[in-house]
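K.L.:
model the structure of this input:
(chains A and B)
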Amino acid sequence: MFERTRQWIEVRLGIKEIIDSGLREFYLPRGAGFSSTLGAVALVAFLIQAISGIFLLMYYIPDTAHAFMSVRIIMNKVPYGWLFRSIHMMGSNIILAVLFLHLVVTFYRISYKKPRELTWISGAIMFFLIILFCISGSLLSWNQLSYWSTTIVTYIPTLIPGIGGRIAEFIRGGQYVSGSTLNRFFAFHVAFLPFTLVCMAAFHLFFIGRTGFSTNPGSSPEGDSEPQSVYKREINANGMPFYPDYLLKALVLVMVYLASIFFIMTFFPGLFQPELATVQADPAMTPDVIRPPWYFLAPYQIVKLIPNKFLGISAILILVFIFVFWPFIDGVNERNISKRPLLRVIFILSITVWLILTVWGGY
Amino acid sequence: MVDIDRVGGVLMRIKLVLILILVFSSTALADYRETFEKEFVNKPWVGSKVVEEGVCVDCHTSDVMKPDYLGIPQEWKMSIHYENKVSCHDCHGGNPSDSAVSCGTPHSGFVGIPKYKEVPKMCGKCHIGILKQFNDSKHGKALMTSGRGPNCVTCHGSHKIQKANMNIINKVRCTRCHSYKRAKIMKQALFMTEKRISDINHSIRQLRSSGASTEKAKKMLFRTEAGFRTLFHSVDVSLVKGRTAGFSRKLDVIEGMIADIYKEIRFRKNFSAFLFLLFASLAISAYFIQKNNKN
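P.N.:
Got it, this is the predicted structure:
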């Protein structure tokens, strides 16, 4: 019976063929390690966010009068609501760390070189989309921390001369963070962003499928350091099959990712939930210390440090531009970072400065 | 033809120089940070409640105000009233949304400094139960008959009013008018209940900061505490002793609620720990499976 059913499905869908051609015969370069699976971990992390988010959506009320209470009800009354909400909240922070690591590895391997420029750009856009997810999602809980963090974050566009005020007003739906902002952020968080992210992820996966995986040129040269004027997919005939080798590697890191979430939930439940996050948003009560979320501390600190608002916001926009279009800015063909001391300095310096600014911004 | 490699190299150097200029050159201007934050915080983000206070605070921090009254807004901002959003007009009356000229006139119901005997009436607008106990107490009767007894401000102060606690009853304060003997007996009678309330308050704060739902316990404690505070003002030891058992029973119920919340938190912690161990084991197993698969 089971065999007949399997065959019935197989004849109609051809799953075996899909697995064989799409997974078993899709080879990764030799030497691809766990660091090559970070993108897959990010994808699974996003799926976990989507599933837990759907559960939260069943009870959440996007209204200033009820938003905070509905989150408290999810946390305290809905059976296992605390579990879904904690996974969603912790996951939203850890996914950024995974993406950051993925970016660092990709940059270190100089994997963004041709023909993978579009893979990098789509990845960079997805990184910003996830940050927007985090920012819009944090306001939804309508607590003092999220309210005032959003106030800061939405203040930054006002630094753009001329149109800055209007941009901020459009984002907030008024002069201040209010019910309109909550509604906008809610729509953005549950409708616009998921759709955009899925589209971008589809592009990203399409590009990876077309060009093949990249690996560390130091350990396994791919030979694509030569100018390439025609399309050539990396076949990697002697490499590692996507299924089961790569997927098993990815599975290890996905389990580590989940274990990390539950580790923080067990031992540091308040890590991303300081006391201010347990108080309902009150526009009339400005907290003593207002800080943006941790992933926004570095740009916030840049704006604070540069003694001219226009220069400050320009610096951020220039950095974003450089980051997204880096494959076109880096015109050197060499893919081995050990042979590029200047790039290594830029790499280490960028990460160090970013970390310093993040820590500094927190004080 | 443009040499892309050369252009790329030049652009990269420009980027490095830009980052260095933007990030490091400006760090010398440390005071800018303060200016930025001041400007940011002073933006009109805040809602209507604090804006209302603008009229009172504006005058009381201006040059035209008598020096004695200049510190009042600062004292108020350190008080329990400020914490609970009790504003100037809640006690003093007047219309804070009116202009600075007419908001403090008697016809708008404004009372600047109440007469000494009138102070309990002013506080009693909100603290109704306490006013009744105070009026029936020896303190209240002395104030009403001779006008020389203590009023609310004598023990609690005026603008920098703190959350009442047992330390208000102390030798220095009480011996300003009479011996400390009776006050000490009173303090001892109140001590155990007061300590329990303080411990429960601490637990509720702790639970609240961990995101637990403490509203019900908090409301019940608020009512119990308010009743107990009312008792303070009777200055009657036998009445305190007689009613302590009743308060004790209510505190038992609240402690039971808190114990249940702690139990729920322990369950969540254990459940998360179980999931952590489960996924950590799965990660280890998957690691060995992929290793064997490679071999």
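K.L.:
hey, let's count contacts and neighbours off CA atoms from now on
P.N.:
OK.
K.L.:
what residues does the stretch 101-250 of chain B put near chain A?
P.N.:
Within the stretch 101-250 of chain B, the positions near chain A by CA under 8 Å from any CA of the partner chain are B:208, B:209, B:210, B:211, B:212, B:213.
K.L.:
6 Å - rerun?
P.N.:
B:209, B:211 (CA under 6 Å from any CA of the partner chain).
K.L.:
can you name the residue of the stretch 101-250 of chain B nearest to chain A?
P.N.:
As assessed by CA to the nearest CA, chain A sits closest to residue B:209 within the stretch 101-250 of chain B, at 4.8 Å.
K.L.:
nearest spatial neighbour of that residue, chain-adjacent residues omitted?
P.N.:
Excluding the flanking residues, the one nearest residue B:209 by CA to CA, 6 or more residues apart in numbering or on different chains is residue A:275, at 4.8 Å.
K.L.:
give me the pLDDT for that neighbour.
P.N.:
pLDDT recorded at residue A:275 is 81.
K.L.:
number of residues surrounding it?
P.N.:
Using other CA atoms under 10 Å in any protein chain shown, residue A:275 has 16 other residues around it.
K.L.:
surely it touches residue B:208?
P.N.:
No: Residue A:275 is beyond contact range of residue B:208, at 8.0 Å (criterion: CA atoms under 6 Å).
K.L.:
got a pLDDT number for the closest residue to residue A:182 other than its chain neighbours?
P.N.:
Leaving aside its chain neighbours, residue A:182 sits nearest to residue A:140 (6.4 Å; criterion: CA to CA, 6+ apart). Note on residue A:140: pLDDT of 96.
K.L.:
can you report how many residues lie near residue A:140?
P.N.:
Residue A:140: 24 surrounding residues under other CA under 10 Å.
K.L.:
again with residue A:21
P.N.:
11.
K.L.:
then residue A:303?
P.N.:
Count around residue A:303 with other CA under 10 Å applied: 24.
K.L.:
what helix or strand is the closest residue to it other than its chain neighbours on?
P.N.:
Leaving aside its sequence neighbours, residue A:303 sits nearest to residue A:312 (CA to CA, 6+ apart; 4.5 Å). Taking DSSP states H and E as the definition, one finds residue A:312 inside helix A:309-324.
K.L.:
in terms of secondary structure, what does the helix or strand just after that helix contact?
P.N.:
Using DSSP H and E, the helix or strand that directly follows helix A:309-324 along the chain is helix A:326-329. Packing contacts for helix A:326-329, counted by 3 or more CA pairs under 6 Å, 6 or more residues apart in numbering or on different chains; DSSP states H and E, involve no helix or strand.
K.L.:
low-confidence ranges, chain A, go.
P.N.:
A:215-235 (pLDDT under 70).
K.L.:
quick one on the thing from earlier: give me the number of residues near the residue of the stretch 101-250 of chain B closest to chain A?
P.N.:
Residue B:209 has 19 nearby residues by other CA under 10 Å.
K.L.:
then residue B:169?
P.N.:
By other CA under 10 Å, neighbour count at residue B:169 equals 17.
K.L.:
cool, the one 4 residues further on as well?
P.N.:
Neighbour count for residue B:173, taken as other CA under 10 Å: 14.
K.L.:
please identify the helix or strand for it.
P.N.:
Using DSSP H and E, residue B:173 falls in helix B:171-174.
K.L.:
do you know how far residue A:242 is from chain B?
P.N.:
Distance of residue A:242 to chain B, given as CA to the nearest CA, to the nearest Å: 12 Å.
K.L.:
isn't that residue up against residue A:21?
P.N.:
No: using CA under 6 Å, residue A:242 is not in contact with residue A:21; the gap is 10.4 Å.
K.L.:
mind listing the strands for the chain?
P.N.:
Reading this off chain A. Along chain A, counting by DSSP state E, strands occupy A:27-28, A:240-241.
K.L.:
looking at those, which one is packed in the most?
P.N.:
Highest mean neighbour count among the strands of chain A (mean count of other CA atoms under 10 Å in any protein chain shown): strand A:27-28, with a mean of 22.
K.L.:
hmm, that one in reach of chain B?
P.N.:
No: Strand A:27-28 is not in contact with chain B by CA under 6 Å from any CA; minimum separation 13.6 Å.
K.L.:
what pairs with that strand, parallel or antiparallel?
P.N.:
strand A:240-241 (antiparallel) (DSSP bridges).
K.L.:
helices and strands of chain B: which one has the lowest mean pLDDT?
P.N.:
For chain B, using mean pLDDT, DSSP states H and E, the weakest element among its helices and strands is helix B:31-41, scoring a mean of 49.
K.L.:
packing partners of the helix holding residue A:312?
P.N.:
Helix A:309-324 packs on no helix or strand, going by 3+ CA pairs under 6 Å, 6+ apart.
K.L.:
confidence score at the closest residue in space to residue B:92 that isn't next to it in sequence?
P.N.:
Ranked by CA to CA, 6+ apart and with sequence neighbours excluded, the top spatial neighbour of residue B:92 is residue B:111, at 5.0 Å. Looking at residue B:111, its pLDDT is 80.
K.L.:
report how many residues lie close to residue B:111.
P.N.:
By other CA under 10 Å, the residues close to residue B:111 number 17.
K.L.:
what does residue A:300 give?
P.N.:
With other CA under 10 Å as criterion, residue A:300 counts 24.
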